[in-house]
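Visitor: Provided below for reference: sequence and predicted model.
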Amino acid sequence: METSALHFPFLPTSRKELDARGWSNVDIILFSGDAYVDHPSFGMAVIGRVLEAQGYRVAIVPQPNWRDDLRNFTKLGRPRLFFGVGSGSMDSMVNHYTAAKRLRSNDAYTPENRSGARPDRAVTVYSRILKQLFPDVPVVIGGIEASLRRLGHYDYWDDCWKPSVLVESGADYLVYGMGEQAVVALAQKMRARAGVREIRETPQIVWLARMDKKGKWDESDGCDEGDGFDRCDGFDRCDGFYDWGVDALMLHSYEECVRDKEACLDNFKVIEHQANQKNAKRLVERVGDAYVVVNPPFPPMEPCELDAIYDHPFTRLPHPRYNGKHIPAYEMIKHSICLHRGCFGGCSFCTLAVHQGKEIISRSEESILREVRAQVAHPQFKGVLSDLGGPSANMYGMKGKNGAQCNACSRTSCLFPTLCRNLDHNHSRITALYRRIRNEPGIVYAFVGSGIRYDLFLNESGFLSADGEVYLNELLRFHISGRLKVAPEHTEQHILKCMEKPSFLLYERLKACFDKINTQEHLKLCIVPYFISSHPGCTERDMNALARTLHTNEVVVEQVQDFTPTPMTRSSVMYYTGKDVKSGKEIFITRDNILKKRQKSYFFKKNI
């Protein structure tokens, strides 16, 4: 970091802040739908710090006004390399609308919980504005909203099959998944003035190859006129057909998917299979006269690489521009610590594995303890860590016993339909980490606020091993602030099968163990189960059966959700096509909002 930057530890957000650093221009300008909080739980802050550490001058424009004269988009000028665009930590449509498509009245990622600070489909809106104002500057999109829309997908809010967000946004490149490696690689190639062909070989990006009506590639593709187009951006021309190489898989075109829902099912099976492969292939999907090309991802990070990300000099504070205004999302996570990335649970409705990957990448204990000590030194810290978590809190340190067997495996879940025999699900490492953290000077409480997967240490007969019993015991005694969060999701077995979740009998076993420890240790904890209504396959009769089961088991319901189809999940494809993805059989779907509301009402029925 330059010396002048040490006086102001945030990335600059205004011309005044650029001038204070002595910068006349910047290399990369990031646009985000969230308020700017310099914390590792906010993706754009992470991307900014990672690029900064590589020596780039990076600025950020949080929540730009897209309704006025667009001054927020021009105030920092033209970047030397590219614009980076993301909707924020949430998909903008999920952020804005309920499952009934009603507009929400708040936004936790905006100061004072104010709604309306970002547009619908923020990635598309921001990108179009930037391409209008700076048509010759590359726009790189990323984050959860872009990542889940990288190929043709079902859009719940418009109730139609949509093309890749690259097509609608006009952006030049899309970085999918956890994008630190890809965005750094793109920046390095652009700084080195690499050609388009070389840039397009970058792993973990998506790009558009455009073809005119005569079968020629447009000038933006970097082809040299007169070379016969023998070789262009990684594919050959042969009598009007294009060979993308042995490492490419051609999907059904977007137009085929619009016409035929079976094509949507076929595409999703290929996409999901490749997402779970160690050596994934390039995916190609035609859209009109263009091709959406998804390059295979980077190999999973090593723990030391993940450690390096969290070692960057985050202030862990909102930018001073907010002048002490309340940002709810920040208040929830400001004293949290992420232990790992990835999730091998494989739930049908969940986007975690699609975005973060199935393989668990765990930080080292030393890296985590460094962050704990930094928290203790933080001026706002009062001795309480709010969450030692991750996508599923207790997957930390877990991996396959035989790496070669994992490399050859294409299961979407290591837990469903049965616990994989090759999975090392020992809880000793995470239990030992918890002990080290709570013994650190300055730590009064270290809570686990994230949900846990109880099928990692329990089956219907009891604990799978002694280490699992020790883990649950210490978790409840020392790391639960009062409420243990778990997600059985439903009670009926055929619905749970659609969700790829374990039997409700396993939740009942957990509750018995929970009650026993609660009594023995004289604790006053409660268990908070999470449920979903209107999931594909779920009928009103199923919800009535759920209500009876909850009543019989005296389950108090607080955390419930009406199913919302989100792009690139198995559940959303089932919702759109009306068919089970794996069997191809027709499946019941609740689409009417009145019927969805009735399903949700069964969570709260008292007279069954």
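Guide: Happy to help now that I have it.
Visitor: Sketch out the low-pLDDT regions of the protein for me.
Guide: Within the chain, the segments meeting pLDDT under 70 span 1-7, 211-246, 606-608.
Visitor: helix or strand for the most centrally placed residue in it, which one?
Guide: The centroid of the chain falls nearest to His355 when counting by C-alpha atoms, centre = their mean (4.5 Å). Assigned by DSSP states H and E, His355 belongs to helix 352-356.
Visitor: Now do that helix: which elements does it pack against?
Guide: Under the contact definition 3 or more C-beta pairs under 8 Å, 6 or more residues apart in numbering; DSSP states H and E, helix 352-356 sits against helix 143-147. Using the backbone N, CA and C atoms, a C-beta is placed for each residue, glycine as well.
Visitor: Keeping just the C-alphas, turn the helix it packs on into PDB.
Guide: Extracted C-alpha coordinates of helix 143-147, given in PDB (Å, rounded to 0.1, in the frame of the first residue of the first chain):
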ATOM      1  CA  GLY A 143     -20.700 -11.900  -7.200                       C
ATOM      2  CA  ILE A 144     -23.800 -14.000  -6.300                       C
ATOM      3  CA  GLU A 145     -26.200 -12.300  -8.800                       C
ATOM      4  CA  ALA A 146     -23.900 -12.700 -11.800                       C
ATOM      5  CA  SER A 147     -22.500 -16.100 -10.800                       C
END
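Visitor: tell me which residues of it are tucked away?
Guide: Buried residues in helix 143-147, defined by neighbour count with 16 or more other C-beta atoms under 10 Å: 143-147.
Visitor: now stretch 481-495
Guide: Within stretch 481-495, the residues that count as buried by 16+ other C-beta under 10 Å are 484-492, 495.
Visitor: Follow the chain on from the helix holding His355 and name the next helix or strand.
Guide: Using DSSP H and E, the first helix or strand after helix 352-356 is strand 361-362.
Visitor: now the end-to-end length of stretch 511-527.
Guide: End-to-end distance for stretch 511-527: 8 Å, by C-alpha to C-alpha, to the nearest Å.
Visitor: so how far is that stretch from its chain's centroid?
Guide: Stretch 511-527 sits 33 Å away from the centroid of its parent chain (C-alpha atoms, centre = their mean, to the nearest Å).
Visitor: Show me which positions of the helix or strand harbouring Phe514 end up buried.
Guide: Taking DSSP H and E as the definition, Phe514 sits inside helix 504-520. By neighbour count on 16+ other C-beta under 10 Å, the buried set for helix 504-520 is 504, 506-507, 509-511, 513-514, 517-518.
Visitor: Can you get me a residue count around Ser386?
Guide: Number of residues near Ser386 (other C-beta atoms under 10 Å) recorded here: 18.
Visitor: now swap in the one 4 residues further on and tell me
Guide: For Gly390, the number of neighbouring residues by other C-beta under 10 Å comes to 26.
Visitor: Surely Leu546 touches Thr491?
Guide: Yes - between Leu546 and Thr491 there is a contact at 4.6 Å, judged by C-beta atoms under 8 Å.
Visitor: Next up, phi/psi of Asp580, please.
Guide: Torsion angles at Asp580 (phi, psi; degrees, to the nearest 10) stand at phi -70, psi 130.
Visitor: which residues sit in contact with it?
Guide: 498, 536-537, 574, 586-587 (C-beta atoms under 8 Å, 6 or more residues apart in numbering).
Visitor: Name the SS class of the spatially closest residue to Pro64 that is not a sequence neighbour, please.
Guide: Sequence neighbours aside, Asn72 is the residue nearest to Pro64 in space, at 3.6 Å (criterion: C-beta to C-beta, 6 or more residues apart in numbering). For Asn72, the assignment made with DSSP: H, G, I helix; E, B strand; the rest coil gives helix.
Visitor: Work out for me the element Val85 sits within.
Guide: Going by DSSP H and E, Val85 is in strand 82-86.
Visitor: got the contact list for that strand?
Guide: 28-33, 43-44, 47, 123, 126-127, 130, 134, 137-143, 145-146, 171-172, 183, 186-187, 190.
Visitor: Of these, just the buried ones, PyMOL syntax please.
Guide: Entered in PyMOL, the line below selects the buried ones among the contacts of strand 82-86, by 16+ other C-beta under 10 Å:
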select buried, resi 28+29+30+31+32+33+43+44+47+123+126+127+130+134+137+138+139+140+141+142+143+145+146+171+172+183+186+187+190
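Visitor: Strands - which of the contacts of strand 82-86 land there?
Guide: Under the assignment DSSP state E, the contacts of strand 82-86 contribute 28-32, 139-141 to strands.
Visitor: can I get those in TSV with distance to Cys420?
Guide: Formatted as TSV, these follow (distance: C-beta to C-beta, whole Å):
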residue	distance to Cys420
Ile28	41
Ile29	44
Leu30	39
Phe31	41
Ser32	38
Val139	41
Val140	36
Ile141	35
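Visitor: what's the closest of the residues you listed to Asp387?
Guide: Nearest to Asp387 out of the ones in strands among the contacts of strand 82-86 is Ser32 (C-beta to C-beta; 22.5 Å).
Visitor: Excluding sequence neighbours, find me the nearest residue to that closest one.
Guide: With C-beta to C-beta, 6+ apart, the residue lying closest to Ser32 is Met44, at 4.1 Å.
Visitor: list the contacts for that neighbour?
Guide: Counted by C-beta under 8 Å, 6+ apart, Met44 has contacts 30, 32, 34, 36, 60, 62, 84, 86, 88, 143.
Visitor: So what's the residue count around the nearest residue to Glu302 once chain neighbours are set aside?
Guide: Spatially, and ignoring its direct neighbours in sequence, Glu302 is nearest to Ile361 (7.9 Å; C-beta to C-beta, 6+ apart). Using other C-beta under 10 Å, Ile361 has 18 other residues around it.
Visitor: ditto for Gln356
Guide: Gln356: 20 neighbours (other C-beta under 10 Å).
Visitor: Could you do Ala108 as well?
Guide: 17.
Visitor: what's the span of stretch 320-330, first residue to last?
Guide: Stretch 320-330: ends 14 Å apart by C-alpha to C-alpha.
Visitor: Show me which positions of it end up buried.
Guide: So stretch 320-330, judged by 16+ other C-beta under 10 Å, has buried residues 322, 327, 329-330.
Visitor: can you pull the contacts of Arg150?
Guide: Arg150 neighbours (C-beta under 8 Å, 6+ apart): 164-166, 174, 176, 206, 292, 294, 568.
Visitor: Tell me how far it lies from Arg316.
Guide: Applying C-beta to C-beta, to the nearest Å, the value for Arg150 to Arg316 is 31 Å.
Visitor: So what's the residue count around the nearest residue to His153 once chain neighbours are set aside?
Guide: Counting by C-beta to C-beta, 6+ apart, Pro567 is the residue found nearest to His153 once chain neighbours are left out, at 4.0 Å. For Pro567, the count of nearby residues is 24 (other C-beta under 10 Å).
Visitor: Pro567 and Asn72, how far apart?
Guide: Pro567 sits 27 Å away from Asn72, going by C-beta to C-beta.
Visitor: swap in Leu505?
Guide: For Leu505 relative to Asn72 (C-beta to C-beta), the value is 54 Å.
Visitor: Check the separation of the first and last residues in stretch 399-412.
Guide: 15 Å.
Visitor: I meant stretch 424-431, not that one.
Guide: 15 Å.
Visitor: which ones are touching Lys401?
Guide: Counting by C-beta under 8 Å, 6+ apart, Lys401 has contacts 422-424.
Visitor: Out of the contacts of Arg150, name the ones that lie in helices.
Guide: Residues of the contacts of Arg150 located in helices (DSSP state H): 165-166.
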